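**Q** I'll drop the sequence and a predicted model, then ask my questions.
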Amino acid sequence: MIDIKWIRDNPETLDQALATRGASPVSKLLIELDEARRAHVKRLQDLQSRRNDASKAIGKAKGSGDEATAQTLIDEVATIKSDIQAGEAEERDLDAKLKKLLDGLPNVPLDDVPVGADEAANVEVRRIGDKPDFAFTPKEHYELGEALGLMDFDQAAKISGSRFNVLKGGLARLERALGQFMLNLHTDEHGYEEVQPPVLVRNDAMYGTSQLPKFGDDLFIGASMKGRAEQTDDVLSKHTRQADLERLKSGEIEVRDLVANAFEDAPTEEEYWLIPTAEVPLTNLVRESTMPADALPKRFSALTPCFRSEAGSAGRDTRGMLRQHQFNKVEMVSVTDDQSSQDELERMTGCAEEVLKRLGLHYRVVLLSTGDMGFAARKTYDIEVWLPGQDSFREISSCSVCGDFQARRMNARYKGEGDKQPRFVHTLNGSGVAVGRALIAVMENYQNEDGSITVPEVLRPYMGGVETIGGAA
RNA sequence: GGAGAGGUGGCAGAGUGGUCGAAUGCACCGCACUCGAAAUGCGGCAUACGUUAAUAGCGUAUCGGGGGUUCGAAUCCCCCCCUCUCCGCCA
């Protein structure tokens, strides 16, 4: 959420920022709407003020037994009443319109973010390590996994459909080892507090980190605490359109049209959602609170499953487990004051990089361009790991600073010693790192000619000392 | 799933239609008293929005959230959310 007051003062800056993200200018419309809203609020408040004065006078008059004066005043206020009610309705309407527009605005990129339409404008910042040398042609992770009999997409498809996988034996354990290793690193050495958050969250939490309202349809799987039948019942009883009942009788529409319309009208406010990333529950830990400045920075880390519908990526990365509906990820979230967030982004990216360094994986850090960044981000580093089987770099982590964008939506603030007014915190999130993709990276980089996989040194304590998965048995 | 209780300022806790944005106590801040402190006394102490140079004044709204009744709602009505207790079920 961008501050409307800031927009009033910086309309050109906003429109320029939107342009870099490929969006049309809206500042003129926003400011007009805001001015109309404020003018309306002023009028309404004047009316309310008059009503309040009169009502108090009525109380006084009645108290002193002066019924005639009271009645005169009552008649006077009665005429104001309908104006106020209409005015309140209009205020709600104007508020909703403005909020809807503001909710749709992405964050303003920082000045040092490269301007560009898409990933072609991204800038490689650094490259760490070297591509491993293979005396043979390295295989892709799913070839290795399936040959080992420890990765089964057919079974997963029978149970859950496409974009799921089943890991077994050594690979299942390797995946678990990776998650444990990462979480331990961040909690033991990087100062993050370990958290086990809910993975099913409310609408408000999704709004706070700005997955909603804009990206609900495309990205996330919704859930309801109610059974399907009860839910349908509920929607139909509350939201069936009266006109549809008539049209149904006359055969103009069918039952399914009526149902579809009812669902269209039903609000989704109190739905539950499966998190697409632990960023959502971790960031929302500070929602609706004001904390002392010396409590900052707060750093949280969690290992959770993540759920994504991948609605917009049909046909991409369909083979293997690179892009799944469900995967595990270690997430880092930092909450800082308004001065430290940019430094914190560098620090956080370093924490994610440390995971790959210790795993001995080759990677590069990329600064995303304005057109490639996420909605809430002001600046984002992607970390791309080298996958020899694919012969390419693939994203394994994404670290973003969001400024006060999410804090405004969550109403998360802090107050310094001398501050009279609380300020919004700054929030950051980053993967540290995606566990499923780390498994792919380890498999492909540590593969041997016989199809076995050497376990990286740092993971062996988590593997019961196992040094190799599969192969020479 | 069944039955019940409850959500009021940082905390505790009054307030069932009219000068209530809200008694009182605690906490906190300032001042007085004191060599200093404690105790005591006096005063102050919510948030958001609008207006404004102002985090000054003024106005409006806010007693879990939203709607309604009324000239007037913390108080009455409706819907929703949350918390707690007991029983049942369950990892």
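**A** Nice, thanks for sending it over.

**Q** would you mind naming what in the stretch 301-450 of chain A lies close to RNA strand B?
**A** A:420-422 (Cβ under 7 Å from any atom of the strand). Just so you know, the C-beta spots here come from the backbone N, C-alpha and C atoms, and that holds for glycine as well.

**Q** please report which of the residues you listed has the highest neighbour count.
**A** A:P422 (17 neighbours; other Cβ atoms under 10 Å).

**Q** in contact with that one, which residues?
**A** A:290, A:413-415 (Cβ atoms under 8 Å, 6 or more residues apart in numbering).

**Q** how about those in TSV, adding neighbour count, pLDDT and secondary structure?
**A** Formatted as TSV, these follow (neighbours: other Cβ atoms under 10 Å; pLDDT from 0 to 100; DSSP: H, G, I helix; E, B strand; the rest coil):
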residue	neighbour count	pLDDT	secondary structure
A:T290	13	82	strand
A:R413	19	87	strand
A:Y414	25	87	strand
A:K415	15	82	strand
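
**Q** out of those residues, which comes closest to A:L212?
**A** A:L212 has its nearest neighbour among the contacts of A:P422 in A:R413, at 21.4 Å by Cβ to Cβ.

**Q** pretty sure the closest one contacts A:T290?
**A** Yes: A:R413 is within contact range of A:T290, at 4.5 Å (criterion: Cβ atoms under 8 Å).

**Q** would you agree A:D338 falls within a strand?
**A** No: A:D338 is assigned coil when assessed by DSSP: H, G, I helix; E, B strand; the rest coil, not a strand.

**Q** measure it to A:A376 for me?
**A** 16 Å (Cβ to Cβ, to the nearest Å).

**Q** ok, those two, which is more surrounded?
**A** More crowded of A:D338 and A:A376, by other Cβ under 10 Å: A:A376, with 23 against 15.

**Q** let me see the domain layout of chain A.
**A** A:4-103, A:119-200+A:275-469, A:225-269 (automatic domain parsing).

**Q** in what helix or strand does the residue nearest to A:Q406 when sequence neighbours are not counted lie?
**A** Spatially, and ignoring its direct neighbours in sequence, A:Q406 is nearest to A:T427 (4.7 Å; Cβ to Cβ, 6 or more residues apart in numbering). Using DSSP states H and E, A:T427 maps to strand A:426-434.

**Q** quick one: strands adjacent to that strand?
**A** With DSSP bridges as the test, strand A:426-434 is paired with strand A:326-336 (antiparallel), strand A:392-401 (antiparallel).

**Q** and of these, who's closest to A:G116?
**A** strand A:392-401 (16.9 Å).

**Q** in CSV, list the C-alpha atoms belonging to the host helix or strand of A:A438.
**A** Using DSSP H and E, A:A438 maps to helix A:435-445. The C-alpha trace of helix A:435-445 is given here as CSV (Å, rounded to 0.1, in the frame of the first residue of the first chain):
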residue,chain,number,x,y,z
VAL,A,435,14.6,-26.8,-0.3
GLY,A,436,13.1,-28.7,-3.3
ARG,A,437,15.3,-26.7,-5.7
ALA,A,438,18.3,-27.2,-3.4
LEU,A,439,17.7,-30.9,-3.7
ILE,A,440,17.8,-30.6,-7.5
ALA,A,441,21.0,-28.6,-7.3
VAL,A,442,22.7,-31.1,-5.0
MET,A,443,21.6,-34.0,-7.1
GLU,A,444,22.8,-32.6,-10.4
ASN,A,445,26.1,-31.1,-9.1
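
**Q** that one to strand A:392-401, inter-axis angle?
**A** 150 degrees (axes from the mean of the first three to the mean of the last three Cα atoms, to 10 degrees).

**Q** now do helix A:435-445: distance to the chain's middle.
**A** 24 Å (Cα atoms, centre = their mean, to the nearest Å).

**Q** before we move on, what about stretch A:150-170?
**A** 27 Å.

**Q** need the residues that contact that stretch.
**A** Outside stretch A:150-170, the residues that reach it (Cβ under 8 Å, 6+ apart) are A:141-142, A:144-146, A:148-149, A:171-172, A:175, A:310, A:318, A:320-321, A:323-326, A:439, A:453, A:463, A:466, A:469-470.

**Q** from those residues, which ones fall inside helices?
**A** A:141-142, A:144-146, A:148, A:171-172, A:175, A:439 (DSSP state H).

**Q** buried sites along stretch A:284-303?
**A** A:284-287, A:291, A:296-303 (16 or more other Cβ atoms under 10 Å).

**Q** for stretch A:399-416, same thing?
**A** Here stretch A:399-416 shows A:399-410, A:412-414 as buried, counting by 16+ other Cβ under 10 Å.

**Q** out of those residues, which is nearest to A:R38?
**A** Nearest member of the buried residues of stretch A:399-416 to A:R38, counting by Cβ to Cβ, is A:R408, at 18.8 Å.

**Q** need the contact list for that closest one.
**A** A:1-3, A:424.

**Q** repeat that with 6 Å
**A** A:1, A:424 (Cβ atoms under 6 Å, 6 or more residues apart in numbering).

**Q** quick one: average pLDDT of the strand or helix carrying it?
**A** Using DSSP H and E, A:R408 sits within helix A:405-410. Helix A:405-410 carries an average pLDDT of 90.

**Q** same thing with stretch A:10-23?
**A** On average, stretch A:10-23 scores 93.

**Q** same deal with stretch A:251-260?
**A** Here the average pLDDT along stretch A:251-260 is 81.

**Q** now A:E457. Nearest residue, chain neighbours left out?
**A** Closest residue in space to A:E457, ignoring its immediate chain neighbours: A:G360 at 7.8 Å, by Cβ to Cβ, 6+ apart.

**Q** give me the neighbour count for A:L101.
**A** 15.

**Q** what helix or strand does it sit in?
**A** helix A:67-103.
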